[in-house]
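[1] need coordinates for the below:
(2 chains)
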Amino acid sequence: MAILTPISRKPLQFVLPILAAVGAILGLLVGTSNGNSLGGLVIGALGFTGLSLAAIKLPIAEKAARWIIVFVFAIGGYMLANLALGLLGLMVGAFTGWFVYWLYEGRYRAKLLPYLTPSQVLWHYTFRMICGAIFFFLISPIIVVMPLSFNAQDFFTFTEKMLALDPEGYSLKHYADFLGIRYDSNGEWIRSFWNSLIIAPLATMISVSLGTLAAIGLSQSHVPAKRAIMAILISPMIVPLIISATGMFFFYAKMGNFLEGTVGLDKDFVGYIKVVLAHAVLGIPFVIITVTATLVGFDRSLTRAAASMGAGPVTTFFRIQMPLILPGVISGGLFAFITSFDEVVVVMFIGSASQKTLPWQMFLGLREQISPTILAVATILVALSIALLATLEILRRHSERLRGMTPT
Amino acid sequence: MTDQSSTQPILAADGVPLKKSLSRALRRQKMRALLLISPLLIFVMLTFILPIGNMLFRSVQNDIVSNIMPNTVIALQDWMPDGDTLPDETVFEAAFYDLFVAAKAKEHTKLGTRLNYEQTGISSTFRKSGRGISKPGKALAKDMAGIDKSWSKAATFDALFNARSGGTRSGGADTTLLRAQRDRLNQLKGKDYKGDIGFAPSLEMAMALPMASREYTYWALFMALEKDKDFKKGKVSEAIYVALADDLTNPALADRIAGLTGPDAELIQKTAAAFRDRPRISYTDLMLGVNENWGNPMVWETIKLHSPAYTGGYFLNAVDMRKTLEGPAIQPENKQILIILFQRTLKMSLIITVSCILLGYPVAWLLANLPVRVSNLLMILVLLPFWTSLLVRTSAWKVMLQQQGVINEVLVWLGIVADNNRLEIINNQFGTIVAMTHILLPFMILPMYSVMQTIPPSYMRAAKSLGATNWTAFWRVYFPQSVPGIGAGSILVFILAIGYYITPEIVGGTEGVFISNRIAYHISSSLNWGLAAALGAILLAVVLVLYWAYDKIVGIDNVKLG
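    Okay, the predicted model is just below:
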């Protein structure tokens, strides 16, 4: 954004108290952790102010001064505790260097409207900080599990060695346990992962094929009892999972008995059929919603044009309609996939041990024997969801380009 | 236009009146749409809607009492409980045979468990009675074998009662009795047995020894159909000896027994002579000998009270009430947990929804007002948790919140919290609220964001140029326009929160669990499926009302994902 307001240097009686307050807070934190809060507060306030004053007043170029501040904080952190704190000091130093000049040179005013009052400026940045804290709340639990999954100990928390960035504190043993190649692993994790990889795509295929057909039907101009049909098809998403699970529990128990007893199918095979069908139902609302949303923007004259050129309904569907709604179908399929891949309540009620999926195994791991392998699995799943997110974003852009919208 | 053309119907190109042609086209279009929808609709109806309806039906279904003790239930109809008189002999008679039959079929403990929900301790009465119910019959069997050894053989009974064994009996077969006993077995086991087992009760014997005929007929059917064994070999059940002793000591039957002819009449008459001096069998005494609890009128009251095939009792239980003779009553203090659980579920869902609004509103506002390039980047921070597995997020919160977890470690390291006085922020309501707020926050931000995107920023500027302060401009101009987003997000979050199961189960301990966890407990641990169904029905009703409101406010067609 262009500079909206001309900036000017701020007087020291404005800058110094703020810097002193920031220093006091930092000092208080460091002081408390070393057992002397008051000393930390005073030293922090004085030291921070002094350092900033020196940076501002001494004839050093801004760049050099900022590097010096970074260096001071990094060394300070390293001397106080360990390498990890040194790295933290490095970051705090970088922030301090930037903050001092940002405040003193009045750069904080540059991108704001000229007529704002000082209290409005203050609120602007307070609001940004609040939002930053909320984003931190959203993302930090997911970030925290990643380094912990490389823990060499069987702990759920950072060890001394990890904080010291000692390579001995880190290992891939939890990943080895997940893959079933560690000496003491029982292979349950990888087996449940394979189960998830079998069940989810099959369930997705059923919900996508039936759901796409139904969504096309629903988007026709004259559908009798459209609202009621829509309500029924969406209901698996609305009904609390525990109720769906108990309902299906009784139904699939009966169906399983029938298939095993009367038809004479293999017990494991029937188990997979039950779980796949149950997951397919749960995924259907997502397919319906995404595909109907894509069909809303679908230009009907295209099918008429195809028909007028002699294409039959089947040809029209596969050559005209399908390519255009494909992004919606795929993203609906991704939703259905993740619903099945992530589902634990229903599968616990209707599946047996041989259909144990990855979320089920995680649930057991969390509730009974708490195993750090969960963190390794969590990290892998986060990587998977990042991949999914990226795919969806690419699809969205592709879809908008297809429909002639400008990508945003 | 001429007069003629206005009276004549307008014709389509193929000569059919246009109106007809149009309506035909419309009908065809409707049919095609329905044809496309129908596979999925049938699939969802069959594997989702019907099973749930079936499950909810269990909340009023109560045929277990009348299926397992059918004759007792009928006999109890005439009994008016007043608190201290016991039912009369006919009830005890019916109960003795019902219980015996149920114990042989291993169904009596089910009934005991069912009635134990209503009166604690009754299941042990049923269990103990099931073990002791053969004793009286055993003693009588010994006595009879002492009179004539052939009484200990099943073949003797077949020769006596089977109209089809040799055809020596006069009067033919009692098909009514056979059908009635087959129905009794089918009702007890919930099966649909048909077919001939090579047995038909003799009409003559059914007149002379009615009780013994009845019990033997049932036993023959039970052995042949349920156990798949030969009823002519081995021994017969103990209840038959009790029934036989009852018939032989019954003065009303003495003439008929004396009038019996045929090869086995002698055996019966010999035994009847030996039993002549014995007092008539008293089923009340028999039952009290089996278990003294049958002398407690409360037990009979409970059976009578819960004998109807449909009951509102589970729904009463679900709101901490119970069925009594005087109508619905409040449960005793120590059993009142469900209302508290419902209140807690609603309260915590509300707290979670409000926290989501408070945390989601600023973020949604920021996302809607930043340049697209920046807001798309920040959107990743919202969408990544949204796309991350629920179990991953829940385990992350377990890692963060536990006693040795990241938050406590950081606080201890900073010296804010003493090492021996770590915060208890997991396995309680706080843990559930924090974790679920985090998990549901994207569901609040996304609808809010899509509404706020449509509010033109110029409105706020216009308000300010007209002299409004920042607060007034926000509160009077911006906020009212963003209310639909808050409404949509709130209902969505509330619906999702109220039915949550996994996260409260893992981070909620005992204090932070929801009604869903109770439903799961009743389905898989206590096996009180009726109560689970009633709780589920109430929860579903709340959710459907909210869903209806959501549909009214937002429209289910307008739900957007991602």
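
[2] let me see the backbone angles for A:Ser219.
    phi -90, psi 0 (degrees, to the nearest 10).

[3] number of residues surrounding A:Thr303?
    17 (other Cβ atoms under 10 Å in any protein chain shown). Backbone N, C-alpha and C define where each C-beta goes, glycine included.

[4] helix or strand for A:Tyr101, which one?
    In this structure, A:Tyr101 sits in helix A:83-104 according to DSSP states H and E.

[5] again, but for B:Ser213
    helix B:210-221.

[6] may I have that helix exported as PDB, CA atoms only?
    The C-alpha trace of helix B:210-221 is given here as PDB (Å, rounded to 0.1, in the frame of the first residue of the first chain):
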ATOM      1  CA  PRO B 210     -54.200 -79.900  31.700                       C
ATOM      2  CA  MET B 211     -51.200 -78.300  33.400                       C
ATOM      3  CA  ALA B 212     -48.800 -81.200  32.700                       C
ATOM      4  CA  SER B 213     -50.000 -81.400  29.000                       C
ATOM      5  CA  ARG B 214     -49.400 -77.700  28.600                       C
ATOM      6  CA  GLU B 215     -45.900 -77.700  30.100                       C
ATOM      7  CA  TYR B 216     -44.900 -80.900  28.300                       C
ATOM      8  CA  THR B 217     -46.100 -79.600  24.900                       C
ATOM      9  CA  TYR B 218     -44.100 -76.400  25.500                       C
ATOM     10  CA  TRP B 219     -41.000 -78.400  26.500                       C
ATOM     11  CA  ALA B 220     -41.200 -80.700  23.500                       C
ATOM     12  CA  LEU B 221     -41.400 -77.700  21.200                       C
END
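
[7] report the buried residues of that helix.
    Neighbour-count burial for helix B:210-221, counted by 16 or more other Cβ atoms under 10 Å in any protein chain shown, picks out B:210-221.

[8] for the helix holding A:Tyr101, name the packing helices and strands.
    Applying 3 or more Cβ pairs under 8 Å, 6 or more residues apart in numbering or on different chains; DSSP states H and E, one finds that helix A:83-104 contacts helix A:12-33, helix A:37-57, helix A:62-80, helix A:160-163.

[9] for that helix, what is the average pLDDT?
    The pLDDT scores in helix A:83-104 average 87.

[10] how far off centre is the helix or strand following that helix?
    Next along the chain after helix A:83-104, taking DSSP H and E as the criterion, comes helix A:118-148. Chain-centre distance of helix A:118-148: 16 Å, with Cα atoms, centre = their mean, to the nearest Å.

[11] and the stretch 1-150 of chain B, which of its residues are near chain A?
    Residues of the stretch 1-150 of chain B lying near chain A by Cβ under 8 Å from any Cβ of the partner chain: B:26, B:29-30, B:32-37, B:39-41, B:43-45, B:47-56, B:58.

[12] quick check on those: which are buried?
    B:32-34, B:36-37, B:40-41, B:43-44, B:47-49, B:51-52, B:55-56, B:58.

[13] identify the residues contacting stretch B:68-87?
    Stretch B:68-87 is contacted from outside by B:65-66, B:88, B:90-91, B:93-95, B:97-99, B:102, B:107-108, B:110-111, B:184, B:187-188, B:284, B:295, B:297, B:300-301, B:303-304, B:307, B:325, using Cβ atoms under 8 Å, 6 or more residues apart in numbering or on different chains.

[14] one more time with 6 Å, if that's ok
    Stretch B:68-87 is contacted from outside by B:66, B:90-91, B:94-95, B:98, B:102, B:107, B:111, B:297, B:300-301, B:304, B:307, using Cβ atoms under 6 Å, 6 or more residues apart in numbering or on different chains.

[15] can you show me the strands along chain B?
    Per DSSP state E, chain B carries strands over the ranges B:321-324, B:327-330.

[16] follow-up on the earlier one: go through the helices and strands packed on helix A:83-104 and name the closest to chain B.
    helix A:12-33 (3.8 Å; Cβ to the nearest Cβ).

[17] one step back: list just the nearest of the buried residues of helix B:210-221 to chain A.
    B:Leu221 (22.7 Å).

[18] that closest one and B:Leu185 touch, don't they?
    Yes. Counting by Cβ atoms under 6 Å, B:Leu221 touches B:Leu185, with 5.3 Å between them.

[19] number of residues surrounding B:Asp183?
    B:Asp183 - counted by other Cβ under 10 Å - has 12 other residues nearby.

[20] oh, I was asking about B:Leu383
    Residues contacting B:Leu383 under the criterion other Cβ under 10 Å number 21.

[21] burial check on A:Phe178, number of neighbours?
    26.

[22] for it, pull up the helix or strand it's in.
    Element membership for A:Phe178, per DSSP H and E: helix A:173-179.

[23] what packs against that helix?
    If you count contacts as 3 or more Cβ pairs under 6 Å, 6 or more residues apart in numbering or on different chains; DSSP states H and E, helix A:173-179 packs onto helix A:373-402.

[24] does the helix it packs on reach chain B?
    Yes. On the criterion Cβ under 6 Å from any Cβ of the partner chain, helix A:373-402 is in touch with chain B at A:374, A:378, A:381-382, A:385, A:388-389, A:392.

[25] report the buried residues of that helix.
    Neighbour-count burial for helix A:373-402, counted by 16+ other Cβ under 10 Å, picks out A:373-379, A:381-382, A:384-385, A:388-389, A:392-393, A:395-396, A:399.

[26] still on that earlier bit, want to throw the helices and strands packed on helix A:83-104 into CSV with mean pLDDT and mean neighbour count?
    Formatted as CSV, the helices and strands packed on helix A:83-104 follow (pLDDT from 0 to 100; neighbours: other Cβ atoms under 10 Å in any protein chain shown):
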stretch, mean pLDDT, mean neighbour count
helix A:12-33, 87, 18
helix A:37-57, 87, 18
helix A:62-80, 87, 17
helix A:160-163, 77, 16
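
[27] and those as TSV, adding distance to chain B?
    Output for those, formatted as TSV (distance: least, Cβ to the nearest Cβ, whole Å):
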stretch	distance to chain B
helix A:12-33	4
helix A:37-57	8
helix A:62-80	12
helix A:160-163	9
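
[28] in chain B, what residue comes closest to chain A?
    Nearest residue of chain B to chain A, counting by Cβ to the nearest Cβ: B:Gly499, 2.4 Å away.

[29] for the stretch 351-500 of chain B, just list every one of the helices.
    In the stretch 351-500 of chain B, the segments counted as helices under DSSP state H, counting those that start in this stretch are B:372-387, B:390-401, B:406-414, B:429-452, B:458-465, B:470-472, B:479-498.

[30] these: lowest mean pLDDT?
    helix B:406-414 - the lowest mean pLDDT of the helices of the stretch 351-500 of chain B, at a mean of 86.

[31] got the angle for it vs helix A:118-148?
    Interaxial angle, helix B:406-414 versus helix A:118-148 (axes from the mean of the first three to the mean of the last three Cα atoms, to 10 degrees): 110 degrees.

[32] can you pull the contacts of the residue in the stretch 101-250 of chain A that chain B sits nearest to?
    Residue of the stretch 101-250 of chain A nearest chain B, by Cβ to the nearest Cβ: A:Pro240 (2.4 Å). Applying Cβ under 6 Å, 6+ apart to A:Pro240 gives the contacts B:Gly499.

[33] please apply the same query to A:Phe363.
    Counted by Cβ under 6 Å, 6+ apart, A:Phe363 has contacts A:Val344.

[34] what of A:Leu46?
    With Cβ under 6 Å, 6+ apart, A:Leu46 has no contacts at all.

[35] any idea how far it is from A:Gly35?
    Going from A:Leu46 to A:Gly35 by Cβ to Cβ, to the nearest Å gives 19 Å.

[36] for A:Ile242, same thing?
    As for A:Ile242, its distance to A:Gly35 is 49 Å (criterion: Cβ to Cβ).

[37] between those two, which one's more packed in?
    Higher neighbour count among A:Ile242 and A:Gly35: A:Ile242, with 27 against 9, using other Cβ under 10 Å.
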